[in-house]
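**Student:** With the input below, show me the fold.
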Amino acid sequence: MNIKRVCGLLFAIYLLTNMGLAAQNIDVVIRGGLLCDGSGSPAFQGDVAINGDTIVAVGTLSTFRGRTEIDARGLVIAPGFINMLSWAPATLIEDGRSQSDIRQGVTLEVFGEDSFGPENDTLKAEWIEEQGDIKFPIVWTTLGEYLDFLEKKGVSPNIASFVGAGTVRENVLHYSNRQPTPAELDSMKILVRQAMEEGALGVTCALIYIADVFMTTEELTALAKVAAEYNGIFIAHVRYEGDRLLEGIDELIRISSEAKLPAEIYHLKAAGKSNWSKMDLAIAKIDSARKAGVPITADMYTYIAGATGLNAAMPPWVQEGGYKPWVERLKDPAIRERVKREMDSTAGSWENFFAYSGPEKILLLAFKNDTLKSLTGKTLAEVAGMRGKSPEETAMDLVIENGTDVGAAYFLMSEENLKKLIRQPWVSFCSDAESSAPEGVFLKSNPHPRAYGNFARLLGKYVREE
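**Tutor:** Residues are numbered from 1 along each chain as shown. Below is the predicted model of the structure:
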């Protein structure tokens with residue numbers, strides 16, 4: 001039977017059984033809006049009745065009267081939006097109201113590019129030591145325990161999470177650049193299986209960062225196969241977003257095909273001006289895979305600048321082992337010279353955001369060290385000029401001085417490519433950012449504007465204006 005007919009029949013029965021609700025029992029009625037119900041059906045004019053936190057009826061509700069009546073004529077009424085890649089796990093601990101996303105209409109935050117569980121004692125200790133402006137005890141071990149913790153604390157949005165393949169790997173191999181033994185891979189599979197049984201939506205990875213960058217396609221496929229047992233999804237910040245973008249997409253398609261599960265590309269982009277022309281080829285490759293029966297999708301944010309850390313400006317080998325070994329290496333003059341050479345070239349096998357952007361287009365956003373916070377909002381080139389050093393040396397010095405990585409925005413993408421992606425029916429939307437508020441601890445660092453504007457910009461700039 002057609003699912004929409006079933007839903008329509010159930011709704012009709014529900015509506016008829018509720019027609020007798022007394023006027024005083026309806027809290028809110030929203031009147032006369034253009035209803036987009038999320039089903040894919042055409043929009044229609046109608047009303048919405050709400051009691052407490054529950055929608056009790058949708059349609060032409062002439063017999064309903066609410067304590068509050070909202071005139072929505074000329075406006076659109078829609079379900080809450082889904083943030084497909086949210087970095088709100090920590091900010092919701094600090095402030096569960098989720099102000100920057102809730103006020104854009106986001107009602108579901110999906111976590112997971114680096115999941116907040118599982119966490120062993122070593123990872124917990126390192127995490128606490130490197131925490132920046134937002135500090136909190138880590139009282140959970142598994143992903144399920146974290147989600148329970150957040151729910152009990154009380155947060156405004158609904159929450160869901162994937163389990164990070166890199167997070168799982170760190171629990172077993174820490175930040176080592178080597179392949180797991182069969183026994184270690186089995187241990188990783190057990191952790192994925194536990195997370196799936198606790199409600200994870202699937203497995204994710206971020207293949208330009210430690211420790212994910214050390215994972216092979218075969219290792220990722222093995223973990224994806226566990227998620228497939230639970231009808232999960234595989235999502236990846238693909239291994240290459242610049243010079244080898246198409247190869248990065250090929251790897252994702254291969255994992256989806258071999259593990260037999262749907263796969264999504266996190267924040268699809270063509271990074272670096274020399275690679276902007278690859279977007280048409282990337283779209284064609286995904287379309288081709290979909291036509292061949294491989295269920296590939298993608299998400300995106302609506303800005304031409306990405307945001308991550310200065311770690312994305314340096315080669316992975318110098319970061320092996322975590323922050324402390326990274327810093328010790330950066331203090332060695334010979335290693336610094338090698339890092340500088342590699343930062344100036346895109347010939348290596350890693351994704352070099354320093355070269356793709358250039359120091360004039362790397363904006364410093366977040367510092368842990370209070371003595372560095374005055375540099376927030378300056379470009380790496382500006383700080384280098386202030387210090388009389390090269391941008392490469394300055395980046396290394398800032399990582400050493402900060403006590404952890406330094407948050408930064410990289411201007412990497414083209415406006416034309418954003419518009420191409422927005423038009424694709426298989427693209428959804430994400431902020432790739434925290435959910436905060438312009439008050440308290442959140443004022444100590446600058447967020448990427450996508451934290452406050454990603455969904456509003458989509459609807460305002462790209463839908464309404466353009």
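**Student:** distance of the most centrally placed residue in the chain from F429?
**Tutor:** Centroid-nearest residue in the chain, with C-alpha atoms, centre = their mean: L85, separated by 2.6 Å. Distance of L85 to F429, given as C-beta to C-beta, to the nearest Å: 9 Å. Quick note: C-beta positions are derived from backbone N, CA and C, even for glycine.
**Student:** anything in contact with each of the two?
**Tutor:** D299 (C-beta atoms under 8 Å, 6 or more residues apart in numbering).
**Student:** correct me, but the residue nearest to the centre of the chain touches H267?
**Tutor:** Yes - using C-beta atoms under 8 Å, L85 is in contact with H267, at 6.5 Å.
**Student:** Find the residues that touch each one of the two.
**Tutor:** By C-beta under 8 Å, 6+ apart, the residues touching both L85 and H267 are 299, 430, 432.
**Student:** from what I can see R178 touches F214, true?
**Tutor:** Yes - with contact defined as C-beta under 8 Å, R178 counts as touching F214 (7.3 Å).
**Student:** What about G321, how many residues nearby?
**Tutor:** 16 (other C-beta atoms under 10 Å).
**Student:** okay, and for the stretch 351-466 of the chain, where does confidence drop off?
**Tutor:** For the stretch 351-466 of the chain, no stretch is flagged by pLDDT under 70.
**Student:** Is A200 in a helix, a strand, or coil?
**Tutor:** Secondary structure assignment for A200 (DSSP: H, G, I helix; E, B strand; the rest coil): coil.
**Student:** got the contact list for the nearest residue to it once chain neighbours are set aside?
**Tutor:** Once flanking residues are discounted, A200 sits nearest to V163: 4.4 Å by C-beta to C-beta, 6 or more residues apart in numbering. Listed by C-beta under 8 Å, 6+ apart, the contact set of V163 reads 112, 115, 117-118, 143, 191-192, 195-196, 200, 202-204.
**Student:** so L34, which of the three states?
**Tutor:** What three-state DSSP gives for L34 is strand.
**Student:** Apologies, that question was intended for E69.
**Tutor:** E69 - assigned by three-state DSSP - is strand.
**Student:** Show me what the closest residue in space to it that isn't next to it in sequence bridges to in the sheet.
**Tutor:** Once flanking residues are discounted, E69 sits nearest to V29: 5.3 Å by C-beta to C-beta, 6+ apart. Bridge pairing for V29 (DSSP bridges) gives the partners A49, E69.
**Student:** Return the residues in contact with V29.
**Tutor:** Residues in contact with V29 (C-beta under 8 Å, 6+ apart) are 47-50, 61, 64-66, 68-70.
**Student:** quick one: it from V76, how far?
**Tutor:** V29 is 17 Å from V76, by C-beta to C-beta.
**Student:** Low-confidence stretches in the stretch 101-250 of the chain?
**Tutor:** Answering for the stretch 101-250 of the chain: no residues sit below the bar, that is pLDDT under 70.
**Student:** tell me the phi and psi of the closest residue to G32 other than its chain neighbours?
**Tutor:** Using C-beta to C-beta, 6+ apart and skipping residues adjacent in sequence, the residue nearest G32 is R73, 4.1 Å away. Note on R73: backbone dihedrals following degrees, to the nearest 10 are phi -60, psi 130.
**Student:** next one: the one 4 residues further on
**Tutor:** Geometry field for I77 lists phi and psi as phi -110, psi 120, criterion degrees, to the nearest 10.
**Student:** Which residue ranges of the stretch 151-300 of the chain form strands?
**Tutor:** Counting by DSSP state E, counting those that start in this stretch, one finds strands in the stretch 151-300 of the chain at the ranges 158-161, 163-164, 202-206, 233-237, 263-265, 296-300.
**Student:** Can I get the ones you listed in TSV including distance to E184?
**Tutor:** Output for these, formatted as TSV (distance: least, C-beta to C-beta, whole Å):
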stretch	distance to E184
strand 158-161	24
strand 163-164	17
strand 202-206	17
strand 233-237	20
strand 263-265	24
strand 296-300	29
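**Student:** Any figure for the gap between the residue nearest to R239 when sequence neighbours are not counted and A165?
**Tutor:** Using C-beta to C-beta, 6+ apart and skipping residues adjacent in sequence, the residue nearest R239 is L207, 3.9 Å away. According to C-beta to C-beta, L207 stands 9 Å off from A165.
**Student:** Can you pull the residues that touch both of the two?
**Tutor:** M215.
**Student:** between the two, who's got more neighbours?
**Tutor:** Neighbours per residue, other C-beta under 10 Å: of L207 and A165, the larger number sits with A165, 31 against 23.
**Student:** Report the contact partners of P391.
**Tutor:** 354, 359, 362, 380-381, 384.
**Student:** Closest to G242 out of those?
**Tutor:** F354 (11.5 Å; C-beta to C-beta).
**Student:** So the closest one belongs to a strand, correct?
**Tutor:** No - secondary structure of F354 (three-state DSSP): helix, not part of a strand.
**Student:** burial count for the nearest residue to it once chain neighbours are set aside?
**Tutor:** Closest residue in space to F354, ignoring its immediate chain neighbours: A313 at 3.7 Å, by C-beta to C-beta, 6+ apart. By other C-beta under 10 Å, the residues close to A313 number 26.
**Student:** again, but for E69
**Tutor:** Burial of E69 is recorded as 14 neighbouring residues (other C-beta under 10 Å).
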